[in-house]
Each structure stands twice: as structure tokens, then as C-alpha cells.
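Asks: give me coordinates for this.
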Amino acid sequence: ERTVPELPELPEEIKPHPHGIELGTLISMLERTEHRQLGGFFGNEFCRIGPKVAKDITGAAKLSPNSWIKTVDHTSAEKMYEAMQSAKVMAPPTNCLSPIGVRTMLKGLEQGLEPEFICASSRPPSVYRGRPFLIEAGVAFGGNLPGDEPAQVFRFANRVPLQYQQSACSSFKAVTGMNWKLYNLQQPRGALPTGPIVVMIHMASVWVPFTSESKEAIADYDEIRAEMELALKDCGRKLRAYLNRRKAMQRQGQRRGVFLRYIGEISKATHHITGADQQQVYDSLMAMAQAKTAQFDEELDDEGRVIGKNGRAKRDRLEEDESVMIRADTHPETDSGGTGVQPVGESSNGAEDGLDAHLVEVGAGNRSTLFGDDDDAEPPRKETKKKVVRKVKKKVRRR
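Replies: All right, here's what the predicted structure looks like:
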């Protein structure tokens with residue numbers, strides 16, 4: 001089944017750009033053109049060349065726009081070619097490109113891989129050697145992807161997958177040249193990042209510079225490599241924001257487990273000491289636990305946006321981005337094993353047994369307190385520094 005029913009927009013044909021042709025191409029165009037004068041030839045056979053630029057190009061060969069094309073020899077063609085390469089003209093139009101599109105990339109990665117997080121980035125069109133091109137990148141993370149293997153790199157050129165000569169391709173070099181540790185991923189030196197991640201890079205251009213006639217790898221041009229790295233960095237920032245959020249939700253889940261561990265005992269002790277209603281104390285402490293760890297109870301919709309109390313999605317920078325899709329519909333696992341807040345149950349043994357029945361067991365290795373980590377585990381660093389300074393001063397005085 002097709003993921004996207006819409007057909008891509010048809011690209012438009014453009015004329016050659018003066019910075020994107022070679023000397024042999026210019027000579028053959030001069031031989032086949034129907035125009036008789038150089039002014040009409042440059043104005044109608046090329047894009048972004050106006051009367052002023054045409055006058056500068058022909059002036060480099062000691063000619064004029066009114067000169068006859070028949071009078072142009074090989075030496076004059078070489079001088080005009082050099083003038084065309086150094087002429088200051090606008091970049092070529094980009095309506096000749098046919099990119100995949102961000103939404104299409106998201107749907108394709110979702111259907112083929114089913115990860116928990118997908119993001120995509122589409123760079124604005126750029127130009128190399130007078131030829132327009134556009135770079136698109138996508139990153140899929142989590143789900144059923146293997147977490148102990150290097151990342152997979154999917155390379156495309158004008159919507160066609162590239163399956164061979166991966167190490168010689170500019171797309172692969174851009175991925176390995178990135179510092180993925182900045183985006184909370186593990187990466188050996190000079191290698192692909194390790195983890196449940198898939199990277200996709202697509203290049204759309206009127207002339208893709210392949211390394212050979214087999215068209216299996218993209219040549220490593222500086223302009224192309226820079227655009228690929230910028231697209232990957234954009235995806236990396238979105239992935240880092242998602243990983244930080246997931247880590248924060250996991251931390252809140254751990255705190256929720258610590259709350260649930262002691263709430264029953266605290267309410268029971270309060271009832272015996274002060275005579276207060278045990279159920280009321282339990283409900284108050286449970287409400288406090290929910291308020292302190294509210295992020296753990298957040299729910300996401302189909303597009304990964306946090307759902308508020310009114311059923312509408314909350315406003316968030318990551319979730320409002322149309323180039324991001326979060327498919328995680330479960331809370332991250334916690335060390336405490338707590339999955340949420342449970343109501344106080346009733347049993348035949350009384351309210352106290354009902355409270356004890358809903359306590360959540362926490363591993364012995366968890367040393368967290370109700371409101372964070374135990375700060376008494378080691379002395380403050382500032383006091384230690386003061387003691388050291390005083391000892392040094394005493395030694396100096398004795399000397």
C-alpha cells in the first residue's frame with residue numbers, strides 16, 4: 001500500500017546557469033543556436049543573464065552584444081567562458097527540483113520502521129557550481145530498532161536509493177563526521193553512532209555529482225557536505241530535546257515510586273500520633289505526590305503532543321514542529337516499577353491493610369528521598385574547601 005496518495009509536483013525546466021556549464025558545452029551551444037548576435041544568445045539561452053551581464057561577458061573577449069556569433073573563435077569563447085565563471089549573477093531558480101517533503105519522509109519512516117520518535121529536516125535550496133540542489137534528512141529512533149548496533153544510513157539521490165559504495169558517499173561521510181555525543185548518543189571515534197537509530201539523507205538536484213558512471217555514491221563537494229551536516233544537526237537538536245524529555249519523565253516516575261513507598265506508612269503513623277483521619281491524610285499526600293510528579297502522567301496524542309486537561313494539546317516547541325512525530329504511547333520504565341497512582345483499597349482487615357496493599361515496592365539500591373536525592377550522603381564541597389584553606393594558613397603561620 002502507498003503511504004502517500006498524493007503525487008509529487010512536477011518540476012519545471014530551466015535554462016543553463018552561467019556558473020554551471022563547461023567550455024565544451026558553451027562552444028556547442030554557440031554552434032547550434034538560432035540567434036545571430038551574442039546579446040540575444042546570452043539573454044535567451046541562459047538564465048540570470050541580463051543586458052549588463054551580457055555586455056561584461058562579451059567585453060572580456062573584446063566583443064559586444066551586437067557582435068555576430070559567426071565571428072567568435074575558440075580563443076574568444078575561452079575568454080567569454082572565464083568571464084561567465086567570474087560574473088556576479090543571481091543563483092538559479094529552484095522550481096526545477098523535486099524534493100520528497102517532510103511529511104512524506106515522516107510517513108515513510110513510520111510505516112517502514114515503526115520507531116517511537118521520527119524527525120525530518122528540509123534545507124532551503126542551495127547552489128554548487130551553478131547547479132541548484134536541495135538536501136533533506138530524517139532520523140528515526142527507538143521502537144523495534146536494535147540498540148546495540150551501529151546506525152543504519154539510508155541514502156537517496158533524486159528519490160532513487162543508493163545501495164552500494166556507502167563509505168565513498170558524501171552522505172555517509174556527513175553522518176560519521178557528526179559529533180553525535182552532543183545529542184545524547186554513543187559514538188566511537190570516526191564511526192557511526194550506536195543505538196536504535198536510522199538516518200536518512202536525500203539529495204535532489206538537476207545534476208547529482210556521482211563518483212562514477214555507476215551512480216552508486218555522491219561525490220564529496222564542500223557545499224553539499226555542509227548542507228548535509230546542517231540538516232543532520234537540525235534533526236539532532238530535535239532528537240536531543242525528545243531524549244531529555246523522556247529522561248525527565250523517567251526521573252519523575254522514580255520519584256513517584258518513592259512517594260508511593262512511604263505515603264501509607266506516613267498516613268498510618270500520623271493517625272496513631274495525632275488521631276487524624278488516615279484516609280484524608282493519605283489523599284492529601286497522594287495529591288502532593290501527583291503535583292510533584294505531574295510530568296509522569298502526561299499523555300501524548302497520535303502526533304506526540306502533550307494532551308492537557310481539556311483534551312486539547314498543550315503548546316510546546318518540540319510538539320508544534322510539523323517535522324517531528326512521536327509514537328511513544330507508554331510511560332518510560334522506572335526503577336521503582338510504579339506505573340501510576342492507585343486508589344486506596346478496602347479489605348476486611350481494616351483501612352490499614354487496604355493502605356498496605358497499595359504500597360509499591362522499591363529496589364534496595366534506590367537511595368532517593370521524597371523530594372530528590374539524599375544530600376547527606378557526602379559533605380558539602382564548600383565546607384571542605386574552607387577547612388583545607390584554614391589548615392594551609394596555620395602551616396604558613398608556624399613557618
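
Asks: just give me the neighbour total for the residue nearest to L113 when sequence neighbours are not counted.
Replies: The shortest distance from L113 to any non-neighbouring residue, by CB to CB, 6 or more residues apart in numbering, is to A140 (5.1 Å). Glycine gets a C-beta too; all of them are placed from N, C-alpha and C. A140: 32 surrounding residues under other CB atoms under 10 Å.

Asks: N144 now?
Replies: Count around N144 with other CB under 10 Å applied: 9.

Asks: isn't it right next to E114, touching?
Replies: Yes: at 6.1 Å, N144 counts as touching E114 under the criterion of CB atoms under 8 Å.

Asks: render the CA-only coordinates of stretch 258-278 in CSV, please.
Replies: Included here for stretch 258-278 are C-alpha records, laid out as CSV according to Å, rounded to 0.1, in the frame of the first residue of the first chain:
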residue,chain,number,x,y,z
VAL,A,258,9.4,6.8,46.3
PHE,A,259,6.3,8.7,47.2
LEU,A,260,4.1,5.7,47.0
ARG,A,261,6.5,3.7,49.1
TYR,A,262,6.2,5.9,52.2
ILE,A,263,2.8,7.5,51.9
GLY,A,264,1.0,4.6,53.5
GLU,A,265,3.4,4.4,56.5
ILE,A,266,3.3,8.2,57.0
SER,A,267,-0.5,8.3,57.0
LYS,A,268,-0.7,5.4,59.4
ALA,A,269,1.8,6.9,61.8
THR,A,270,0.0,10.3,61.6
HIS,A,271,-3.2,8.6,62.5
HIS,A,272,-1.7,6.9,65.6
ILE,A,273,0.1,10.1,66.8
THR,A,274,-2.4,12.8,66.2
GLY,A,275,-5.7,10.9,65.7
ALA,A,276,-6.2,12.5,62.2
ASP,A,277,-8.3,10.7,59.6
GLN,A,278,-6.0,8.2,57.9
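
Asks: and the residue nearest to L113, how far from V324?
Replies: 12 Å (CB to CB, to the nearest Å).

Asks: now do the shared contacts for these two.
Replies: With contacts taken as CB atoms under 8 Å, 6 or more residues apart in numbering, the residues that reach both A140 and V324 are F117, I118.

Asks: for the residue nearest to L113, give me the pLDDT.
Replies: Note on A140: pLDDT of 94.

Asks: which of the three states applies to it?
Replies: Under DSSP: H, G, I helix; E, B strand; the rest coil, A140 falls in the strand class.

Asks: name the SS class of the residue nearest in space to the middle of the chain, please.
Replies: Closest residue to the average C-alpha location of the chain: C235 at 1.0 Å, with CA atoms, centre = their mean. State at C235, reduced to three classes by three-state DSSP: helix.

Asks: without its sequence neighbours, what residue ends up closest to it?
Replies: V139 (4.2 Å).

Asks: quick check: that neighbour vs R240, distance?
Replies: 11 Å.

Asks: again with R123
Replies: Distance from R123 to R240, by CB to CB: 19 Å.

Asks: got the contact list for A174?
Replies: A174 sits in contact with I201, R225, M228, E229, L232, where contact means CB under 8 Å, 6+ apart.

Asks: what's the local residue count around the second one?
Replies: The burial count assigned to R225 is 18, neighbours taken as other CB under 10 Å.

Asks: from memory it sits against S170, does it?
Replies: Yes: R225 is within contact range of S170, at 5.5 Å (criterion: CB under 8 Å).

Asks: in the stretch 201-350 of the chain, what spans have low per-residue confidence?
Replies: Where the stretch 201-350 of the chain drops to pLDDT under 70, the residues are 295-322, 327-350.
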